Structures are given as structure tokens and as C-alpha cells.
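# Provided below for reference: sequence and predicted model.
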Number of protein chains: 2
Amino acid sequence: MTKFNAKEETDNIIEFIRNYYQKYSLGGAVLGISGGKDSAVVSALLVKALGKENVVGLTLPCHSIETDKNHAKLISDFYEFRLFDFDLTKIFDQFKTNIDTLYSDLKETDVKNADINLKPRLRMASVYYFAALLTELEKKPYLVIGTSNKCELYVGYFTKGGDSVHDISPIADFTVEEVIEIGKYLQVPNEVLFKAPSDGLSHATDEEKLGVTYKEIASYIEEPERVEESARNKIKIFHQNAFHKFTTPTYKRD
Amino acid sequence: MTKFNAKEETDNIIEFIRNYYQKYSLGGAVLGISGGKDSAVVSALLVKALGKENVVGLTLPCHSIETDKNHAKLISDFYEFRLFDFDLTKIFDQFKTNIDTLYSDLKETDVKNADINLKPRLRMASVYYFAALLTELEKKPYLVIGTSNKCELYVGYFTKGGDSVHDISPIADFTVEEVIEIGKYLQVPNEVLFKAPSDGLSHATDEEKLGVTYKEIASYIEEPERVEESARNKIKIFHQNAFHKFTTPTYKRD
């Protein structure tokens, strides 16, 4: 990691959020609280920028590991913002029941990829639902806040139409290590800040699934030559394959 | 409408789709068939570009009007592509039940906007589910195809995280009138081609809800002065307010 001033960057992000809210007369912020460091850091930034009364976190379990919900609670208690639990399990199961009426004998491998990406899409739909509802109930516009960091974005480790859909993106220009530095400065509880990143949907960590570490991705972004060859090649391919997630090819007449 | 060569544009769009599929070794196409002209025209283009065996349409009713499903069937029969019915009503209702456990006394006006936008988001999640499932079952990559036209996009008449999420966009550069010209050339059945555009979610047409006609929007895009003042001002405001749907403000360090 090159020289990084956590205090200065934190102040700048807070100012960025505050300016945007003032410019468009916005009110509140909703975000999914996964129990991981990214959403913890972002919620801390939002509380500083907008005040705790204007921040609403959601836990969105979907056949999920209970620990994540406890970590989310730890964060909302620490920064004193409201946290609602919106369990997606029954909604997901109803979706699957619908699928089973059309396809009666699907194998686990047939639906694996479809199932994995359905969950973040249901989460996105839920966070936007709350943003619209809170906007009405509290008579001030709520936005959906993104929690993607630079490393995840670089390798396309997100779901198109899922966590990639949000209204403002505060930490997308920071690598995982930089987000941790910001988190230290904001005193994010260590249990959350130093937990191995995982989507909470499977039992493997992100790094196990990717086959490269976030540190390697961060190094690659700064200076590809510093990363050993096999990791370098993997990251390069991930990045190329992610291209379609950022842009929609559109026919234009001459 | 300025001079428009429907045959030439149709050929160009077909070539665009075919080239993109060849370049990335893609296989099939999934799209929601609403029963309106946009999805009818796009499905016709896809059948010509990829062959009917590679096109799958979905009806995605959600407390919807039955007529739309009949019109969708008319289109899939006419162009001979597969059509599956995936009814979202129970999924939507389960979602609402979840909300009611958190908020016990919501009024109709509190949830109106949230409900309206939840439906296209559930539709998006469904179309992507089928794309991933069909990719596995048929061992060839399926993409999700967008059906937005230039007028809808211009005034922001779409749901962020809903119909705006797709993998390729064939008619986004054409106004409603131009899409109709392409539809005539492709022999889209008149019942569908000349039906008043509606989202099928409420009983009002798009134009009633917008308070301007698509013809006025098309004229405005070409030459604002041609549109009378009150419509012109409305369209201008819609366009300005839609800006946030196209871009996500992201903090970047200096």
C-alpha cells in the first residue's frame, strides 16, 4: 500500500456525502449491513456525515449464517443507528417453489449459479423498497448507499443488478487495505474489521473463492509486476471478464 | 419523425446482435414479454438474429391484467419462440407479508411508490435467474435483453435496478414512432403494435401517467421548439430528474 492518510480521506468522504445531500436536498441513507467491514465502514461514514437519526441499516439474511446478523447488531449498537431485520428466506423459497413448478427435476449444479446471484438481487430490491417507504414515512428522500470497494469492483466480484445498484458510492476508490485503515480511524470494532471477507451466502471466504487475495488485487492495481505470475494472470482474466458488468452494449444508428 | 428507413435499421440491429453473439461465443436470449410493442419488436429482432430456438420469452405477471399475457402468447406464437409463465404474485405477496411484520399500519399512500418499483425489480431478478438456469441446462450462455426505447430513457420512465438492468440493448436509440416502423416491417401483429403503452401494473397508460405523449417526447428530442410550452417544460424536468438513474456519484480521491 502506498502512503495513505486515513484521517484526510475520511474527512473528504464525509464532505463528499454531505455536499451531495445538501445539493439535492436529500434526507436519509439506507444500506444493507452484512456484518463485514465494508458496510461497517460505510455506515460509520454516513453517521458522521448525516447524523445517526438519518441512517437505517438492514440485515437481509437468506438462509444465512447467524454470526453475520450478530456482527451487524454490534455495528448498529456501536454507531447508534437503526437496524431492521428483513429476512429473505421465505421470499427466496417462494421463488424457488415457482421455479420447481416449471422444472420438476433440477439438479443442484443446474441452479447453483442462478441461486447465488438471486440473493443479492432480492437484497437490492429490498433496500430500495425501504428507501422508498422511509421517504414517504419520514417525508425526506432516502438514498440507497453502495458499499463496494475498489478491489471487488476491479475483479467484478459483485452481482449485476444486485449490490452494484445503488445511488451513491463512498468507498469505491479504496482498496481493501485502505478501507481497513479508514475503519481503524473510525474505530470499527475489530471483530468486524478483521473478519475474513465473505458473502455470507456460502461457507468459503471471498479469497478462497477467487483464488487470489485482496492484497494481491490491491498490489496488482497499483503495480502489476509486484504480483507473482499465477495470481497476476487470474486477476487479469477476472478484470477482463468483468467488463460486461460495467457497460451495456447498445445499438446506435450511424 | 425525420426520414427513417425501417428495413435498413432492422438489418443493422440484427447484424449488431449477431456480431456481439459471435464475438463472445454467446448462445441464447431471455427477455420479459410484456404484451406491448417494445418487447414484441425486440423478440422479433432476436428470432431473426439468433434463430427461434435461441430465444426464450417470459411473462412475469404480478397482480397483473390478463390481457397482457394473451398478447404475449400472440407474439410468441407468431414468431415461434418459447414462452414461459413465471407468476410473481405470490413472491410479491410474501415480500409484503414480511414488510407488514415490521410495519403494522401502513397506508396505501405509504407503500405506493415502493410497491410500483418492486415489481420491475422482481422481474429483473427473474429474467436473470432464467438466463443463468438456461445457460446451465443448454450449455450455452444466455443473455438478458433490454427493451427500453429512446423516449422512455430520455424521460427516465424506467426503474433503476429493474428494467434498466440488462446485457444488451437493441432499440434504445429509437423513438416510439421509429420502433413502430420497425415493428410494421417485422409484421408485429397490430393488436400489440398499436396498443397504448402501459406498464400493465396500473390501469393508466404511460402517457396518462407522464402527462405528455411519446410523440411529444420524440419531437422534443429532435427539436425542442416544435413542442408546445407546457409539454416542453414537463419533458425538460423529467429529463433532468432522470439524471441520477444513469450515473452513480462516486467519491474519488484527488
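Thanks, I have the structure now. Numbering: from 1, shown residues only, chains lettered A, B, ... in the order given.
# A:Val127 and A:Gly32 touch, don't they?
Yes: contact status for A:Val127 versus A:Gly32: in contact at 5.6 Å, counting by CB atoms under 8 Å. C-beta coordinates here come from the backbone N, C-alpha and C atoms, glycine included.
# quick one: common contacting residues for these two?
Both A:Val127 and A:Gly32 are contacted by A:Leu58, A:Leu60, under the criterion CB atoms under 8 Å, 6 or more residues apart in numbering or on different chains.
# what packs against the lowest-mean-pLDDT helix or strand in chain A?
Among the helices and strands of chain A, helix A:206-210 carries the lowest confidence by mean pLDDT, DSSP states H and E, at a mean of 88. Helix A:206-210 sits against no helix or strand, with contacts defined as 3 or more CB pairs under 8 Å, 6 or more residues apart in numbering or on different chains; DSSP states H and E.
# how about that helix as PDB, C-alpha atoms only?
The C-alpha coordinates for helix A:206-210 follow below in PDB (Å, rounded to 0.1, in the frame of the first residue of the first chain):
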ATOM      1  CA  ASP A 206     -14.200 -14.400  -0.900                       C
ATOM      2  CA  GLU A 207     -10.400 -15.000  -1.200                       C
ATOM      3  CA  GLU A 208     -10.900 -18.800  -1.200                       C
ATOM      4  CA  LYS A 209     -13.500 -18.400  -3.900                       C
ATOM      5  CA  LEU A 210     -11.400 -16.000  -6.000                       C
END
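# Identify the residues contacting it?
Under the criterion CB under 8 Å, 6+ apart, residues A:Glu152, A:Val155, A:Tyr157, A:Ala196, A:Pro197, A:Ser198, A:Asp199, A:Ser202, A:Thr213, A:Tyr214, A:Lys234, A:Phe238 lie in contact with helix A:206-210.
# buried residues in that helix?
A:Asp206, A:Glu207, A:Leu210 (16 or more other CB atoms under 10 Å in any protein chain shown).
# now the helix or strand following that helix: how far from the chain's centre is it?
As assigned by DSSP states H and E, the chain's next helix or strand after helix A:206-210 is helix A:214-222. Centre-to-centre, helix A:214-222 and its host chain are 19 Å apart (CA atoms, centre = their mean, to the nearest Å).
# Just the buried residues of helix A:214-222, please?
Using 16+ other CB under 10 Å as the test for burial, helix A:214-222 gives A:Tyr214, A:Lys215, A:Glu216, A:Ile217, A:Ala218, A:Ser219, A:Tyr220, A:Ile221.
# list the contacts for the closest residue to the fourth one other than its chain neighbours?
Just to be clear, that refers to A:Ile217. Spatial nearest neighbour of A:Ile217, excluding adjacent residues (CB to CB, 6 or more residues apart in numbering or on different chains): A:Cys151 at 4.3 Å. By CB under 8 Å, 6+ apart, A:Cys151 lies in contact with A:Tyr157, A:Thr175, A:Val176, A:Tyr214, A:Ile217, A:Ala218, A:Ile221.
# Let me know the closest of the contacts of helix A:206-210 to chain B.
Chain B lies nearest to A:Glu152 out of the contacts of helix A:206-210, by CB to the nearest CB, at 13.6 Å.
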